[in-house]
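# Sequence plus the predicted model coming up.
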Amino acid sequence: MPVKTVSYYSPNPGPHLLVLGAVHGNEKCGSAAIAKILSKIEDGDIPILQGTATFVPVVNPLAYERGVRYVDHNLNRDLRVRENPVDYEDVIGNILCPLLKKCDVLLDLHSNHSEGRAFMFAGTDDPKEEAFRNILGPKIEIFGWTEAYARISGKATDQTSVGTVEYARMFGKTGITLECGQHNDPAAVDVAFAAVLNALDFLGISPDKGKLPLNQEPVLRLKLEGVYWRTDNGRLAKNWKHLETVKRGEVLAFKANGETILAPDDGYVLLPRIDCPIGDEWFYFGIR
Ligand SMILES: [Zn+2]
């Protein structure tokens, strides 16, 4: 199955926005939002007045068709060009990496397992990135993804944490992962759609085309403190909601042998997966 990309090049110079959908095959809100945007561009409702806009509606087509997160391995971990690709996501990664190197600004649209508000994975305090985050819509920012993986692995930089935006940032690009809401919530498509319009406006590629008034509520900034992998048949202590608050010492999960995993601090349970396969990230822990 080929990976389809659609690019619009304005004759007027300007920044290059890259918008990705379905990097994870079961996260389809970005693909739906991109389809709406493309049809509006074709209808002339969204004119491309400067720069370039590239859309990849479905980055991982086989996983998308199967309705699964990935086929062989998580495309959004250890992403790099591989001379000798051995599995499906290796091949997709080799298609994706050059696209990431070509853009100036990346918007990667995801959804998540559990109910909860849309949020962004923020990378840096870089003013360019902050300005981009501020116009996308959601008011929750989670920092420290790369640092958390590095801390756990004990390596200065842990390649595991490298996904699309981390790869793009290595080449000086501005990139944001936007988690638009729960996988099957139709509102997630609206979040993704608004974010793309806002990005096109912000970059001057298609200004003033239906962007929504920005939500003025203060930004909630969280720092990712812990990454917890499901290592055995253990279970979550309860059906946690994404962004549910917990107190230090509260039981987050039980391992198969009954051993408890406790909240290291007052904080938040992030992205819990009740149906997590053994070996995948089970949940994260964040603090304000
Ligand atoms: Zn995802």
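On my side now, so go ahead.

# Quick one: neighbours of the residue of the stretch 151-288 of the chain found nearest the ion, just the number.
Residue nearest to the ion within the stretch 151-288 of the chain: residue 179 (7.1 Å; Cβ to the ion). Heads up, the C-betas are built off the backbone N, CA and C, glycines and all. Counted with other Cβ atoms under 10 Å, residues neighbouring residue 179 total 27.

# quick one: which helix or strand includes it?
Element membership for residue 179 (DSSP states H and E) is strand 174-182.

# same for the helix or strand bottoming out on mean pLDDT in the chain, what does it pack against?
Lowest by mean pLDDT, DSSP states H and E among the helices and strands of the chain is helix 145-153, with a mean of 82. Judged by 3 or more Cβ pairs under 8 Å, 6 or more residues apart in numbering; DSSP states H and E, the packing partners of helix 145-153 are strand 220-229.

# Just after the strand it packs on, pick out the following helix or strand.
strand 235-236.

# Tell me which strands that following strand pairs with, and in which orientation.
Partners of strand 235-236 in the sheet, by DSSP bridges, are strand 251-254 (antiparallel).

# Show me what from this protein comes close to the ion.
The chain comes close to the ion at residues 24, 27, 110, as judged by Cβ under 5 Å from the ion.

# Recalculate using a threshold of 8 Å.
Residues of the chain lying close to the ion by Cβ under 8 Å from the ion are 23, 24, 27, 69, 76, 110, 111, 112, 177, 179.

# Widest-spaced pair of those residues?
Between any two of those, the greatest separation by Cβ to Cβ is 14.6 Å, found for 69 and 177.

# With neighbour numbers in mind, choose between these two.
Counted by other Cβ under 10 Å, residue 69 and residue 177 do not tie: residue 177 has more neighbours, with 23 against 20.

# hang on, the earlier thing: got the CA positions of the strand holding residue 179 in PDB?
The C-alpha trace of strand 174-182 is given here as PDB (Å, rounded to 0.1, in the frame of the first residue of the first chain):
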ATOM      1  CA  THR A 174       9.400  23.400  14.800                       C
ATOM      2  CA  GLY A 175       7.100  20.500  15.600                       C
ATOM      3  CA  ILE A 176       4.200  19.600  17.800                       C
ATOM      4  CA  THR A 177       2.400  16.400  18.500                       C
ATOM      5  CA  LEU A 178      -1.300  17.200  19.100                       C
ATOM      6  CA  GLU A 179      -3.400  14.600  20.900                       C
ATOM      7  CA  CYS A 180      -6.800  15.600  19.800                       C
ATOM      8  CA  GLY A 181      -9.000  13.500  22.100                       C
ATOM      9  CA  GLN A 182     -10.300  10.000  22.400                       C
END
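
# Okay, angle between the following helix or strand past it and strand 174-182 too, please.
Counting by DSSP H and E, the next helix or strand C-terminal to strand 174-182 is helix 186-202. Helix 186-202 and strand 174-182 are oriented at 160 degrees to each other (axes from the mean of the first three to the mean of the last three Cα atoms, to 10 degrees).
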